[in-house]
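[1] need a structure here:
(3 chains)
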Amino acid sequence: MRTYLPDHDLMALAGVPAVYHCHHFNLFLDQTIDDALGAEAGGAVRFAAAREAAHDLARAVVTSTNAVTTSERITAVQGVLSAMGHGRLQIAASGDSGSATGSFLHYGHTWMEKYGKLVRRRHPADAFAAGFAAGAVEVAFDLPRESMTATETECLALRHGHCSFTLAGGAPGASRPRMTEDTARAHVQPTFTGEHEDKVAAIAAGLRDFTAGVAGDARGLVQAFGVYVTAHLATYYNRISYDAVARVEADAPASVELVEDLLRESGHVCVFNTFGGILLSPEWEAMVGPLTGDPTEIIVGCLAIARALGFGHWTLAEYRRGERLVVRTPSSYESAYYLARHGKAKRPNEYFLQGAVLAIAQLAHRVDWKARPQLTQSYYQQLFRGGQLPWKVTEPRSLATGDSLSEVIADRIA
Amino acid sequence: MHEEPGEGDLEVDAAPERHSDGTVAIERDHGCFRGLSWRAEIAAGDGQGLRARLGAMLEDVTRDARLIAMRTVEGHHVIVVPATGRVQVRLDLECARERRGELALALARLVHDAHAAG
Amino acid sequence: MSTIQLSDVVADVPPLRGLFITAMPDCLLFDTWTRPDETWSSEAAASYFGDLVRANREALKALSAWSSEMSVTVESADLLLMMFETSADFVVTMAFDRKAPLGMVRLHARRILDRLQEVLPKLESVERPRAIRLAEFLDKYAPDPHAALHRVALRTGLGLDALRNPSSLSEAQTERFESAVKDLLGLDNLSL
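    Next up is the predicted model:
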């Protein structure tokens, strides 16, 4: 079911654009959308994006598994959700109405794990699962795309014992072109290589072999490398990010920079924790060797991890130790979506890529790898709380704006 | 299931914790959630004999010879990087919380003894 | 910071590992004594102790069970903490070794409080602007504190520069700030 666009390293599940992301990214991104739009509108945007992407995945899954009856179809799609690390969802629907219950749903469960002791949440967390349930029912009953609604009435993150959803039919949403791996293929540029290419490519291939065997545990969760990992639908991330930015641009243009900063931060926190966790894992040690702490080793490793996780063909264009890191790519899951759905962007807007390259620079220079650090929340805050960071990031060229590549530069601040 | 949702624990065990029986020592490994992931060390080697000896006692689920992976009937995993001697014990989620350190130490001991027998 | 000699106050109390005096209502460290081998951050701890006692006071009031003799005891794996609101000005927190018998700890605590009553001054507190206290509260309790101000700025439309200088916020802006802080933390009321 999993494929990669050759030489461009964009991933798809059953032909639907997908990437691997951790709970740090997922939670921070959802939170940013709600910060930008408010909890109600943010939840609605997140639900709609999930429903759209889930419909396409569900359609592909039932086709590939030859699932004919509604129960076969729903069973197949529920299984895929758990295998992707999103927890367990039980859907009971009869056409245009129904319900669903969730256990260990990724967003609610991990929100409680990460924030439950710190904050009392006021709104349900599982818009993604709600959208997934709606999309699954649409496909199971051959209903129009984007026609089901789902409301989360109980949520783990609200300290209920499990998650519950009610499903109802509605008017079909506006027709949107489907996002597929062909869409992604149509929006990449001729590929190229960078420094240490052989090493990056070899590690990426090894990591892909390893991640091919990763699937949800008894809870439907993937707990690895110190994070909860999900195989996730790229359209979900892209639609919520770009729709939120567009709304902020329209309603509060002075706040655009803020939402962009926070979108970058979601990439930063993801790379720091997930890439860092992979680098510290026994799997990495077996495949690549124990970490020496050399920054180049960390950078090369991170570029390989990015490729294996389906982020794009990230290459090392330039590296000056302690001063500058330049990453280029002919493909990114963000620009492929943006170009397909919105056309050329007015400014570089691959926020995840920007935050990720900044995090790679920080991982390479600010972490004492030989000391085998625990990449905990307190360690993260210790490094990044207060004052200006010692590195800054820019994106002078972007596929999204029509350039032939995306170039992201992390510079040490003098 | 012991791994109850919604308890609000911080997701990674931050505090260092070690257990030892005098010969074998384990400590929480990176990314240890709730005492489920532990680290130990043995001498580096090629791992072939170790894999065979462990495989006689545990289910061999190794996918790549560079990383020996074994599973117990209870669902715990023992991972060994032969080239560096790193051992990681991954306990099953169902495992009782108060027994995790003790169980991990017993599994690390198993690896240690299998290695010493070579 | 005070000029009182806490080493005299804690003399002859072997199980005591630390003493923290928090000036209220701002929860700022007024004075501290810790054993030489302790590596605690007294500033941060004192601030949390103040919040803890204040929250406890409000909770007891809500239950109509508050009295000025209130104290808070916290037992952790290796510490026994005892907190006392000695006056409107101070919260006194004693950190004892967990292995010390509780009866002995109470005896020591009473003796220390008696000694402190003689040396602690009467403070003339100046109420600081609410926006400053909001900013401090947010910094202390927000999840992902490195991003908290960004989040508030995005939610409120208040600029980052303004939020970084909260004393400059108007009353209406402070209300928006407070509302966002409540939302971020999921609280109906802030105990400032």
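[2] so where's the chain uncertain?
    Here I'm looking at chain A. Judged by pLDDT under 70, chain A has its weakly predicted residues at A:386-387.
[3] um, chain B though
    B:1-16, B:31-33.
[4] residue ranges for the strands of it, please.
    B:18-20, B:25-28, B:37-41, B:59-60, B:68-71, B:77-81, B:86-90 (DSSP state E).
[5] Distance of the residue lying closest to A:A83 once chain neighbours are set aside relative to chain B?
    Spatial nearest neighbour of A:A83, chain neighbours left out: A:A215 (4.7 Å); criterion: CB to CB, 6 or more residues apart in numbering or on different chains. Every residue, glycine included, has its C-beta placed from N, CA and C. With the distance defined as CB to the nearest CB, to the nearest Å, A:A215 ends up 13 Å from chain B.
[6] what does A:G79 give?
    Here A:G79 is placed at a distance of 20 Å from chain B (CB to the nearest CB).
[7] Go ahead and report the secondary structure state at that residue.
    Here A:G79 is recorded as helix under DSSP: H, G, I helix; E, B strand; the rest coil.
[8] burial count for it?
    If you count neighbours by other CB atoms under 10 Å in any protein chain shown, A:G79 ends up with 16.
[9] Distance check, it against A:G135.
    Using CB to CB, to the nearest Å, one gets 15 Å for the distance from A:G79 to A:G135.
[10] One more: A:Q382?
    As judged by CB to CB, A:Q382 and A:G135 stand 41 Å apart.
[11] More neighbours: which of these two?
    A:G135 (28 against 11).
[12] Contacts only, for the residue nearest to the more buried one when sequence neighbours are not counted.
    Nearest non-adjacent residue to A:G135, counting by CB to CB, 6+ apart: A:A54, 3.1 Å away. Shown in contact with A:A54 (CB atoms under 8 Å, 6 or more residues apart in numbering or on different chains): A:V77, A:G131, A:F132, A:A134, A:G135, A:A136, A:L233.
[13] try A:T401
    Neighbouring residues of A:T401 by CB under 8 Å, 6+ apart: A:K344, A:A345, A:K346, A:R347, A:P348.
[14] Secondary structure class of the fourth one, three-state.
    Classification of A:R347 by three-state DSSP places it in coil.
[15] What of the first one?
    Using three-state DSSP, the structure places A:K344 in coil.
[16] hang on, it packs against A:D403?
    No. Counting by CB atoms under 8 Å, A:K344 does not reach A:D403; the two are 9.7 Å apart.
[17] So between those two, which is more surrounded?
    A:D403 (16 against 13).
[18] Chain neighbours aside, what residue packs nearest to the more buried one?
    In space, A:D403 is closest to A:R397, 4.1 Å off (CB to CB, 6+ apart).
[19] Contact partners for A:V259?
    Residues near A:V259 by CB under 8 Å, 6+ apart: A:T32, A:D35, A:A36, A:A244, A:V245, A:V248, C:L154.
[20] Including distance to chain B and neighbour count, could these go into TSV?
    Shown next, in TSV, are those (distance: CB to the nearest CB, whole Å; neighbours: other CB atoms under 10 Å in any protein chain shown):
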residue	distance to chain B	neighbour count
A:T32	20	28
A:D35	22	26
A:A36	25	28
A:A244	26	24
A:V245	29	19
A:V248	30	21
C:L154	25	26
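[21] Among these, pick out the one closest to A:T69, please.
    When these are compared for distance to A:T69 (CB to CB), A:A244 wins out at 38.2 Å.
[22] what packs against the strand or helix carrying that closest one?
    Assigned by DSSP states H and E, A:A244 belongs to helix A:234-251. With contacts taken as 3 or more CB pairs under 8 Å, 6 or more residues apart in numbering or on different chains; DSSP states H and E, helix A:234-251 sits against strand A:16-22, helix A:23-37, helix A:39-64, helix A:256-270, helix A:333-342.
[23] Run through chain C and note the low-pLDDT ranges.
    Along chain C, the model assigns pLDDT under 70 to residues C:1-3, C:61-62, C:64, C:66-69, C:124-126.
[24] In it, which residue sits closest to chain A?
    The nearest approach of chain C to chain A comes at C:G186, 3.3 Å away (CB to the nearest CB).
[25] returning to that earlier point: would you mark the buried spots in the helix holding A:A244?
    Neighbour counts over helix A:234-251 (16 or more other CB atoms under 10 Å in any protein chain shown) mark A:234-245, A:247-248 as buried.
[26] same question, stretch A:120-137
    Neighbour-count burial for stretch A:120-137 [16+ other CB under 10 Å]: A:121, A:123-137.
[27] ok so, going back, which of the contacts of A:T401 are buried? Put it as a PyMOL command.
    Buried subset of these, written as a PyMOL selection, criterion 16+ other CB under 10 Å:
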select buried, chain A and resi 345+348
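[28] Between the contacts of A:T401, which sits nearest C:V181?
    Distances from C:V181 to those, taken as CB to CB, are shortest for A:R347 (31.5 Å).
[29] Over to A:S164. Which of the three states is it?
    strand.
[30] Show the backbone phi and psi for the nearest residue to it once chain neighbours are set aside.
    The shortest distance from A:S164 to any non-neighbouring residue, by CB to CB, 6+ apart, is to A:E154 (4.1 Å). Dihedral pair for A:E154: phi -140, psi 150, per degrees, to the nearest 10.
[31] Equivalent analysis for A:A186, please.
    phi -70, psi -10.
[32] what's the answer for C:W33, then?
    According to degrees, to the nearest 10, C:W33 has phi -140, psi 130.
[33] contacting residues around it?
    Contact analysis of C:W33 by CB under 8 Å, 6+ apart lists C:L6, C:S7, C:V9, C:V10, C:G18, C:L19.
[34] The helix ranked longest in chain C close to chain B?
    As assigned by DSSP state H, the longest helix anywhere in chain C is helix C:42-62. No. With CB under 8 Å from any CB of the partner chain as the criterion, chain B is not reached by helix C:42-62; the gap is at least 15.7 Å.
[35] Contacts only, for the residue positioned nearest the centre of chain B.
    The residue lying closest to the centre of chain B (CA atoms, centre = their mean) is B:V89, at 1.2 Å. Going by CB under 8 Å, 6+ apart, B:V89 touches B:I26, B:S37, B:W38, B:R39, B:A40, B:H76, B:H77, B:V78, B:I79, B:A104, B:L107, B:A108.
[36] what sits opposite it in the beta ladder?
    Beta bridges link B:V89 to B:W38, B:V78, judged by DSSP bridges.
[37] where exactly do the strands run in the stretch 301-414 of chain A?
    For the stretch 301-414 of chain A, the strands defined by DSSP state E, counting those that start in this stretch occupy A:315-320, A:324-329, A:391-397, A:406-412.
[38] who touches the second one?
    By CB under 8 Å, 6+ apart, the list of residues contacting strand A:324-329 from outside reads A:192, A:194, A:299, A:303, A:312-319, A:353, A:357, A:360-361, A:364, A:399, A:405-412.
[39] gap between the residue of chain C closest to chain A and chain B?
    12 Å.
[40] wait, that residue sits on A:H123?
    No. Contact criterion CB under 8 Å: C:G186 and A:H123 do not qualify, at 9.6 Å.
[41] so the residue lying closest to C:A55 once chain neighbours are set aside is in which element?
    With sequence-adjacent residues excluded and distances taken as CB to CB, 6+ apart, C:A55 is closest to C:S191, at 5.5 Å. According to DSSP H and E, C:S191 maps onto no helix or strand at all.
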